[in-house]
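**Student:** got a structure for you, letters missing:
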């Protein structure tokens, strides 16, 4: 055998994290011992160790690890007590974590200049860390990373430009309220940046699974505090809250249920069926306690998206099961309209989605009408940030609970149309459109059940974001931003790794067919 054909194993030090951690522990122990012998002061001994630890983390800890932590902390943290029924009766145990992440730091630290949230600071530090590692050629974030199609970077840049342009147009040209505009754009401005961060740090399907597992774990942990409050606080006081979780928990519950279903139907492994019957049932309890019809809509649409993409024997089994269950579902929904048991609450919520004859729906109809009136005033360019929508028809007065309601409507999709018009909305919504396109292409070209499941879940997460944006200010929360960014990054990676699109995507002009695309297309054609 020629020498060039002999496989050579090259293991770089960065590929052996266990050895690095062991050396670090040895260094810590020896340094503490030496410094304590010299100075006898533990604080003095800790300073150089902290510096050494910071250097070690700077050179060796992948950025995806703190991003994992951010996703988990954002998912598990409790919302503002005032947003939850019974908020005056208790303070959620993880509300301080919520305050640290979401609210301005000057409310936590007595420094008035800290007029930004903990998440804003983490994003800036992440960008600085990536930039410093790039200048010093530290490749810890590049090892094992799947490539990303350039289309994602282009649409992310266009979305960022769209947000900045609407700030210039709305505040600089049309005299909008700058302070209110900062509140409007916070999450939308960070979304393209966070998407790129995940695209540059997540390695592939395995990391995507880690994020989904963290979301499921956070959902399960959050439900423990919710059930505890209901049993120990609400029931002894004969207090029946309309809901026990926030609107944004609907996103977490939907992603968790969709993950369990997608993994089982694409792999048909018994362990996922067991998880669906245990963890899935526990999370469905959270869906019932959430008691929000939008959550049921999110789950139903996600399951439907998985179903229509599915191929093979499992789809035939599920189709028969759906047909056979239709009479039972009809009976359940019919009885649920007259029965008052708690088991029929989901039936009432599902029916209310169709009827739309309650007070909340009427209020939303009024708001949607006012948004359409506002849009007609500037269909092409919109009003820009820092402006209220036109309230031609006055609905219920919610100014006491939500004084800025005209600066940010509940229907986030129509609201973005009024802000950006045709031009701005196209720029802001382009990552979502391209993300669905890439995920669908990746599903068709996927070569393993894991890839198909990841592509399907990417679409479910993007569609959930869209539904939440339409239903209740879904564009303005950290969980919305993080889950959408992860889904877009994963779709862009899968599209390249499966050969669905080339890495360097040309938007204009003709191009030669990418070899991997041609090879995978012939393989898909042969299978189908």
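**Tutor:** Received the coordinates, thanks. It should be emphasised that the depicted structure is a prediction, and the values quoted were computed from it without experimental measurement. Numbers count the residues shown, from 1 in each chain.
**Student:** residue 103 and residue 109: what is the separation?
**Tutor:** 11 Å (CB to CB, to the nearest Å). The C-beta positions use only the backbone N, C-alpha and C, and glycine is treated the same way.
**Student:** neighbour-wise, which of these two wins?
**Tutor:** residue 103 (15 against 12; other CB atoms under 10 Å).
**Student:** touching, the more buried one and residue 116? I think so.
**Tutor:** No. In this structure, residue 103 is not within contact of residue 116 by CB atoms under 8 Å, at 10.0 Å.
**Student:** which neighbours do these two have in common?
**Tutor:** Listed contacts common to residue 103 and residue 116 are nil; contacts here mean CB atoms under 8 Å, 6 or more residues apart in numbering.
**Student:** so for residue 20, what's the pLDDT?
**Tutor:** At residue 20, the predicted lDDT confidence score is 56.
**Student:** next: the one 4 residues further on.
**Tutor:** Predicted confidence (pLDDT) at residue 24: the value is 58.
**Student:** cool, and residue 223?
**Tutor:** For residue 223, the model assigns a pLDDT of 88.
**Student:** what about the chain, any weak spots by pLDDT?
**Tutor:** Scanning the chain for pLDDT under 70 picks out the ranges 1-53, 79-90, 341-342, 345, 349-350, 352-360, 397, 401, 505-528.
**Student:** after the helix of greatest length in the chain, next one along is what?
**Tutor:** Counting residues, the longest helix found in the chain (DSSP state H) is helix 412-445. With elements assigned by DSSP states H and E, the helix or strand that comes after helix 412-445 is helix 449-471.
**Student:** how far off helix 412-445 does that following helix point, in degrees?
**Tutor:** With axes from the mean of the first three to the mean of the last three CA atoms, to 10 degrees defining the directions, helix 449-471 sits at 170 degrees from helix 412-445.
**Student:** now do the buried residues in helix 449-471.
**Tutor:** 450-471 (16 or more other CB atoms under 10 Å).
**Student:** what's the separation between residue 477 and residue 203?
**Tutor:** Taking CB to CB, one finds residue 477 at 27 Å from residue 203.
**Student:** residue 113 too?
**Tutor:** In this view, residue 113 and residue 203 are 38 Å apart by CB to CB.
**Student:** okay, the two: which has more neighbours?
**Tutor:** Shown here are residue 113 and residue 203; by other CB under 10 Å, residue 203 has more neighbours (17 against 8).
**Student:** just say helix, strand or coil for the more buried one.
**Tutor:** State at residue 203, reduced to three classes by DSSP: H, G, I helix; E, B strand; the rest coil: coil.
**Student:** what distance do you get for the closest residue to residue 443 other than its chain neighbours to residue 268?
**Tutor:** Leaving aside its sequence neighbours, residue 443 sits nearest to residue 455 (CB to CB, 6 or more residues apart in numbering; 3.8 Å). Between residue 455 and residue 268 the distance is 17 Å, computed by CB to CB.
**Student:** go on, residue 387?
**Tutor:** Going from residue 387 to residue 268 by CB to CB gives 53 Å.
**Student:** same question, residue 322
**Tutor:** For residue 322 relative to residue 268 (CB to CB), the value is 17 Å.
**Student:** now do the host helix or strand of residue 296: which elements does it pack against?
**Tutor:** Counting by DSSP H and E, the element that carries residue 296 is helix 293-309. Counting contacts by 3 or more CB pairs under 8 Å, 6 or more residues apart in numbering; DSSP states H and E, helix 293-309 packs against helix 249-267, helix 270-290, helix 345-355, helix 449-471.
**Student:** switch the ones you listed over to JSON lines; also include distance to residue 431.
**Tutor:** JSON lines is the format used below for those (distance: least, CB to CB, whole Å):
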{"stretch": "helix 249-267", "distance to residue 431": "17"}
{"stretch": "helix 270-290", "distance to residue 431": "28"}
{"stretch": "helix 345-355", "distance to residue 431": "28"}
{"stretch": "helix 449-471", "distance to residue 431": "9"}
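**Student:** rewinding a little: now do the helix holding residue 296: distance to the chain's middle.
**Tutor:** Centroid separation between helix 293-309 and its chain, computed with CA atoms, centre = their mean, to the nearest Å, is 16 Å.
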